[in-house]
Structure formats: C-alpha cells, structure tokens
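Visitor: can't give you the sequence, but here's the structure:
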C-alpha cells in the first residue's frame with residue numbers, strides 16, 4: 001500500500017509546475033504539497049488559487065538560491081520528495097539576458113541539491129526529481145533519429161546550456177554522494193497557465209486581440225509537442241517507479257512544423273471564437289527575422305519510459321490544441337493582466353525592433 005508523501009515543488013506557480021501541483025493534489029489528496037516559488041514574471045500565484053486554504057497545501061514565496069530558507073523548509077515540512085521545476089526557461093530571454101539563467105538554473109539547482117543532500121543524509125530516504133528539457137541535446141536534421149537518453153549534449157542557447165549544466169550537477173550528486181536523483185528531459189509543453197511569451201499562448205492571445213502572429217524565419221522549425229497533462233502523468237510514473245540515477249525522456253510523439261502549428265491554431269480560433277477582430281486569423285501571420293542559434297528540429301524518443309515504466313502519451317496534438325484554445329478563450333481574466341508594460345517592452349524588443 002502506498003504511503004503518503006511530503007513534496008516540495010519548486011517553481012510550482014509556473015506553467016508546468018502549477019499543472020503538476022493541481023494534478024498531484026487531485027491524484028493524491030493525502031499527500032502534503034509545499035510550493036516554493038519566487039514569483040518572477042512567469043510565476044503566478046493565481047495559478048494555484050483553487051488550492052489555497054487546503055489543509056495539505058502550503059505556498060511559500062522564496063528563491064531556490066536562499067539556502068537558509070531551503071534548509072528550514074526541508075526540515076520543518078519533513079520533505080521526502082523534491083520536484084524541481086524552478087527555472088528560467090525562455091530562449092529569447094536567455095539571449096537578451098543570460099545572467100538570470102545562470103543564477104537560477106545552475107546556482108539555484110546547486111543550492112537546492114546541497115540543501116537536499118544535507119537533509120537526505122539525516123533520513124536516508126527520498127527522491128530528487130529534476131525536470132529538464134530536450135533542448136540540452138541540441139538540434140536535429142530532418143532525417144536524424146529522435147533524441148534518446150544517450151544522445152550527447154550539445155546545447156545551442158544560454159537557456160539550454162544552463163539546463164545542461166544543471167542536469168550534469170544532478171547526475172554528479174547521484175554518482176558522487178549517492179543522492180537519490182532522477183532526471184527527466186521533456187519536449188515542448190503546452191496547455192493551461194502558460195505565460196504568453198511562449199509560442200502557443202502568444203498566438204492564441206494575439207489572435208484574440210487582433211495582433212500580428214510573428215513566425216520566426218521560414219516557419220519550418222519542428223518541435224515535438226507534449227500536452228502538459230501527459231507530462232504530469234509521466235512524472236507521476238517516474239516518481240513512483242523510476243530507477244534512481246536514471247534519465248527518462250518524455251515526448252508527445254507530435255512533431256509539427258511551427259508554421260503548421262500556427263495554421264492549426266488559426267483554424268481552431270476561427271471555429272471556436274465568435275467575435276474575432278480579424279477573420280480569417282491566417283491574415284495575421286507575419287514572418288520575422290529568425291532568432292540567433294535557432295534549433296531546427298527537436299524530437300524525443302520515449303521508448304525507455306514506455307518499455308521500463310509503461311508510460312505513453314494519451315493526448316494527440318489536435319485534441320491538446322483544442323483544449324488549450326478553449327482554455328484561453330474562457331480565461332481572459334487570467335491572461336489579460338499579464339500583458340503588462342514590461343511584457344510589451346519585451347515583445348517589442350524581440351519581434352519588432
């Protein structure tokens with residue numbers, strides 16, 4: 001019989017983290033879930049509003065670089081499971097300002113590992129789940145085989161390089177100190193609560209406000225799209241059944257060219273949104289200068305996760321995009337406040353200037 005867990009979820013007010021927290025609280029209501037989030041621009045406490053006040057849920061505003069806070073939380077809450085989502089995660093922002101990515105993704109992960117190592121040494125049980133990205137593997141050519149867990153790292157942006165560095169630290173702490181770690185590398189996530197700088201929410205929101213749809217380069221870059229709910233179910237399986245010290249790739253089996261994805265979103269919006277500023281939405285598509293070091297193709301091979309732990313994705317990209325579009329259509333009160341002056345200035349710098 002499964003005993004209750006006590007989780008510390010870093011970055012739990014962000015996109016993937018908050019979806020994971022909702023998933024976990026619903027699936028395992030007897031577990032204790034403590035969220036630690038610094039509430040930077042992409043962290044939103046409203047993502048967790050429905051959980052506030054529940055007995056087994058606690059939110060703490062704080063930085064993963066704050067060692068004293070980490071030590072006190074791990075001890076006070078008697079944490080046995082760390083789910084580490086906290087990260088700066090947007091490639092464009094890493095190009096404009098890489099320093100924050102080094103600080104959070106490398107220094108922050110190191111600080112969290114050190115705190116957990118000290119905590120684990122006193123109890124000799126637990127798990128440290130490090131949630132990473134397929135971008136650490138670099139870029140694929142159209143005919144290349146998908147990334148596996150043994151694909152050599154070849155990051156091409158400050159973001160992916162910082163995540164690669166954090167992956168190496170987590171691996172080293174397992175092999176050097178015996179800290180019970182597992183690493184997961186996922187493909188592009190999408191779904192509810194995603195900050196509007198990312199491709200899918202950016203397109204949805206721009207369509208709703210009648211703004212142009214910026215597509216980098218020729219729009220032929222390929223990504224493997226993973227619905228965030230599938231990602232959460234995969235992490236559930238890894239936490240409960242994954243082998244310590246291992247890496248598991250999590251993909252959606254949905255390779256789509258960026259331009260094709262935008263066209264799919266346009267078709268859904270034309271179908272589902274009754275009073276759009278511009279019909280058809282495809283009229284809004286505008287090709288913009290490609291970003292530096294733009295990886296051409298990502299693709300994840302999740303065979304290891306399927307054969308060893310029995311997980312496969314359940315949501316097709318067509319179904320997932322429909323769910324996502326419907327969510328943004330019905331949650332205008334969530335995304336409208338995010339279109340701040342700071343966001344507008346960033347948007348202009350990336351797509352206009």
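Guide: In hand now; what should we look at? For clarity, every value in this text was computed on a predicted model and none was experimentally measured.
Visitor: only C-alpha atoms for contact and neighbour calcs from this point on.
Guide: OK.
Visitor: how near is residue 223 to residue 188?
Guide: Per C-alpha to C-alpha, to the nearest Å, residue 223 is found 7 Å from residue 188.
Visitor: what about the host helix or strand of residue 202, average pLDDT?
Guide: Using DSSP states H and E, residue 202 sits in helix 199-209. For helix 199-209, mean pLDDT is 97.
Visitor: paired strands for the helix or strand just after that helix, with orientation please.
Guide: Helices and strands here follow DSSP H and E; after helix 199-209, the next one along the chain is strand 213-216. Strand 213-216 has its sheet partners listed here by DSSP bridges as strand 285-288 (parallel).
Visitor: so which bits of the strand it pairs with are buried?
Guide: Neighbour-count burial for strand 285-288, counted by 16 or more other C-alpha atoms under 10 Å, picks out 285, 287-288.
Visitor: got it, and stretch 306-325?
Guide: Within stretch 306-325, the residues that qualify as buried are 306, 309, 311-313, 315, 317, 320-322, 324-325, counting by 16+ other C-alpha under 10 Å.
Visitor: start and end of that stretch, how far apart?
Guide: Span of stretch 306-325 from end to end, C-alpha to C-alpha: 29 Å.
Visitor: and residue 335, how many neighbours?
Guide: Neighbour count for residue 335, taken as other C-alpha atoms under 10 Å: 16.
Visitor: now it: which helix or strand?
Guide: helix 332-335.
Visitor: now that helix: how far from the chain's centre is it?
Guide: 20 Å (C-alpha atoms, centre = their mean, to the nearest Å).
Visitor: contact partners of the host helix or strand of residue 240?
Guide: Taking DSSP H and E as the definition, residue 240 sits inside helix 228-241. Outside helix 228-241, the residues within contact range by C-alpha atoms under 8 Å, 6 or more residues apart in numbering are 16, 19-20, 23-24, 127, 129, 186, 189-191, 250, 252, 309, 311-315.
Visitor: ok, then the element right after that helix?
Guide: That would be, after helix 228-241 and using DSSP H and E, strand 247-250.
Visitor: my read: residue 9 touches residue 25, true?
Guide: No. Using C-alpha atoms under 8 Å as the test, residue 9 is too far from residue 25 to be in contact (11.8 Å).
Visitor: those two: who's more crowded?
Guide: residue 9 (24 against 17).
Visitor: any low-confidence regions in the stretch 151-300 of the chain?
Guide: Counting by pLDDT under 70, the stretch 151-300 of the chain contains no low-confidence residues.
Visitor: report the buried residues of the helix holding residue 335.
Guide: By 16+ other C-alpha under 10 Å, the buried positions in helix 332-335 come out as residue 335.
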